[in-house]
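**Student:** please work out how this folds:
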Amino acid sequence: MSLAGDNALMVDKLMEKTGPAVQLESSAQTKGERTREKILDVAYDAIVQKGFAATSIEELVEAAGITKSGFFYHFRDKNDMARQLFDRFLSEDEKIIETLEGRARELSDDPLQAFLIFLNLYAQMMDDMETLHPGCMVASVTYQERLFDAEVIQMNTSYLLRMRGRFSGWLNEIAAVHPAKVEVDLEGLADTLTTTVEGAIILSKALADPGLMGRQTRLFRNHVKLLFGA
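**Tutor:** This next block holds a predicted model:
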């Protein structure tokens, strides 16, 4: 199954518990597009498992079952492949966040309750992450940034700033209705969610503990509940 299919499956499993299933569509339609998607799937697995530098074009060609000229038909070079792979990853990741947020807001008009529902759905997704989603490209790019070109680095930075803006905006909605029990930097709290998720992915691999990701997300959820008196 492709990465896009894996992401759709994760979301569908959650949506089955809370409402109608949501399908994340793959962009691959033609044979050429399917070949391109297959190369990106193989590259994703290789990069998150062993790094960008250790992933060669030769092994991608062999794993995808294509010729080297076939690789260069779809990508100018290895960095071009990385840019397209990262763009796809970020797009799919944001679709997942938007889907979970949309469902959470459907279930409650109160911004705090909706955020807590979102975090619960997110934690459930993290419970399945090890099986369906072997790693995070954001972490891979951040830790290996000297191996990627400036465009990929900027894509990573822009994504993280968008996540900060999305969650800090939601937290400001919450604070307007439910003032925090202690003084809190809402933008910093928004960043805490991202650092919790990204850090949990890394720590779970280091400790071989796939359940750690969901537990860490639920701890953040409890922190939010205490801050805003839910």
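
**Student:** any idea how far the closest residue to Thr55 other than its chain neighbours is from Lys181?
**Tutor:** Spatially, and ignoring its direct neighbours in sequence, Thr55 is nearest to Ala46 (4.2 Å; Cβ to Cβ, 6 or more residues apart in numbering). Quick note: C-beta positions are derived from backbone N, CA and C, even for glycine. Taking Cβ to Cβ, to the nearest Å as the measure, Ala46 falls 47 Å from Lys181.

**Student:** more neighbours, these two?
**Tutor:** Higher neighbour count among Ala46 and Lys181: Ala46, with 17 against 10, using other Cβ atoms under 10 Å.

**Student:** now for the protein, the helix or strand with the poorest mean pLDDT.
**Tutor:** Of all the helices and strands that make up the chain, the one with the lowest confidence by mean pLDDT, DSSP states H and E is helix 3-18; it has a mean of 50.

**Student:** distance from the helix or strand following it to the middle of the chain?
**Tutor:** Using DSSP states H and E, the helix or strand that follows helix 3-18 in sequence is helix 31-50. Distance of helix 31-50 from the chain centroid (Cα atoms, centre = their mean, to the nearest Å) equals 17 Å.

**Student:** on contacts alone, who are the packing partners of helix 31-50?
**Tutor:** Under the contact definition 3 or more Cβ pairs under 8 Å, 6 or more residues apart in numbering; DSSP states H and E, helix 31-50 sits against helix 3-18, helix 57-64, helix 68-74, helix 78-107, helix 137-143.

**Student:** looking at those helices, which has the lowest confidence?
**Tutor:** Lowest mean pLDDT within the helices and strands packed on helix 31-50: helix 3-18, a mean of 50.

**Student:** run through the chain and note the low-pLDDT ranges.
**Tutor:** Applying pLDDT under 70 to the chain picks out residues 1-29, 130-137, 139-140, 142-145, 230.

**Student:** centroid-nearest residue for it?
**Tutor:** Nearest to the mean C-alpha position of the chain, by Cα atoms, centre = their mean, lies Asp93 at 4.0 Å.

**Student:** quick one: that residue from Ala206, how far?
**Tutor:** 22 Å.
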